[in-house]
Every structure is written in C-alpha cells, then in structure tokens.
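A.B. asks: Only the shape, not the letters, is given here:
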C-alpha cells in the first residue's frame, strides 16, 4: 500500500483542547472540500505531496519524532481520504505508546470506523452551512455522517471533542440549529470539549458575534471555549 504525505513536522499544537502541546504533525494529501477559510490549500490536491510506501512513511515518521512529543496528529487535507493508510500509520504510533490524534471533518462513517481503533483523541469538526464546505444540496447528508462519527467516537470511549469554525458569515440561527442537533444526539458528559474557532485573516467574526455563539452553546455545555489558532500568533507552522 502507498500513502501520499504532504509534510511531516514537529510544532506546537495551536488548536482545540490540547493547544500548547508538542506535537508531530503528519499532514496527508487530499481533500475534496472547499471551505473558504482553508489555510492549507496547497495540500488539497490528491496528487500533492510525496508518495511513500507504508514502510517508508513509518521510517519518515520515526526519524521525525522528537523527544518529549506529546502526541502524533494525523491531519490534512483530510486524513479520511486515505483512511486505510492512516490506520496502518496510527497503529505504528500506538505501538510506540504515543497518543494518536485524528483531525478530520469526519465526512464518512465507514472510513472513520476503519481508523477509529487506532486513534486515541478525536477532533470532530462540524462545518457550518456558510463555510462553503459543500453545496447546500449535500450539506445535510455530510453533517449526518459527522454526527454518526461523533456518536461512534463517544461509544468507543475515545477522547472526543467538537470544533466549529465560525466567521463573520456565520448565521446565528443556523449555528444554534447545529448545536441543538449535536446535543440532541449526545449528552454533555460524553465529550471532552467544545471549541468555537474564529477564522483568522479572512472574514473574521466580531467579538459580539463570538459571544452570541458562545451563549448558544453554554446552556448545553458550560466548558465551551473560544480558541483561535494560537500557533499563528507565535509564527509556528
């Protein structure tokens, strides 16, 4: 089996509930979606990056691992595009007793469940309608897959948290509808965090909008946090 990697590097985690941790990022090539705020557009083409055998990819990861690394983050692109390869790479990391972390829009429940046994920490990213993730005719179907992935991660007792990227385009009524749908499906005690992440450098939301969205989540989950992409403020990749 082959895998196409865009880059492998160590940096400081700048997003989510584990921001600030020393992390090895394994960025896989390929993503079919079109989020307008994407900050890794160069990794979206399926033929971007470099193709490796699984063995060579494992060697690359091993040689890139630094001491005191907290976790290995499989990101993209979207890792589920190459789900079979991700499962093999993540198993290799788990065998080293290093936590594995999946960063995905969770667009396909079957691919997700194939990878899940080899993942310890899961970021479930729910896209808003205004993200330009997909056209409106496909939005509900893909959000349905994301919801199933959340339920599967919770059921398997993974460290699971939710992230929603918001911008000045985000409509509060649509956001509230999405939040209600999430907490109709799970209990607040099922998740380990809920992150509202403002866009950076493009269509940035106002503080008033962020507070309004925060207040929509708070009745369901009091530990909701607004966390920007902190790595950008320290010049980290």
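C.D. replies: Alright, I've got the coordinates. Note that the coordinates shown come from a computational prediction; the quantities given were computed from them, not determined experimentally.

A.B. asks: Give me the buried positions along the helix or strand hosting residue 214.
C.D. replies: Assigned by DSSP states H and E, residue 214 belongs to helix 207-217. Going by neighbour count (16 or more other C-beta atoms under 10 Å), the buried part of helix 207-217 is 209, 210, 213, 216, 217. Where C-beta positions appear, they are placed from N, C-alpha and C, glycine not excepted.

A.B. asks: Quick check: the gap between the third one and residue 181.
C.D. replies: When C-beta to C-beta, to the nearest Å is applied, the distance between residue 213 and residue 181 equals 15 Å.

A.B. asks: Also the second one?
C.D. replies: Plainly put, residue 210 is 21 Å away from residue 181 if you go by C-beta to C-beta.

A.B. asks: Ok, the fourth one next?
C.D. replies: In this structure, residue 216 and residue 181 are separated by 12 Å, where distance is defined by C-beta to C-beta.

A.B. asks: shared neighbours of these two, which are they?
C.D. replies: Here residue 216 and residue 181 share no contacting residue, scored by C-beta atoms under 8 Å, 6 or more residues apart in numbering.

A.B. asks: now for the helix holding residue 214, which elements pack on it?
C.D. replies: Judged by 3 or more C-beta pairs under 8 Å, 6 or more residues apart in numbering; DSSP states H and E, the packing partners of helix 207-217 are strand 159-166, helix 172-185, strand 194-198.

A.B. asks: Contacts for the second one next, please.
C.D. replies: Counting by C-beta under 8 Å, 6+ apart, helix 172-185 makes contact with 126, 128-130, 143, 147, 150-151, 162, 164, 166, 209, 212-213, 216-217, 220-221, all of which sit outside it.

A.B. asks: Residue 160: what's its closest spatial neighbour, skipping adjacent residues?
C.D. replies: Nearest residue to residue 160, sequence neighbours excluded (C-beta to C-beta, 6 or more residues apart in numbering): residue 153, at 4.3 Å.

A.B. asks: what about the one you found, which SS state?
C.D. replies: Following DSSP: H, G, I helix; E, B strand; the rest coil, residue 153 is assigned to helix.

A.B. asks: now it: how far from residue 59?
C.D. replies: 30 Å.
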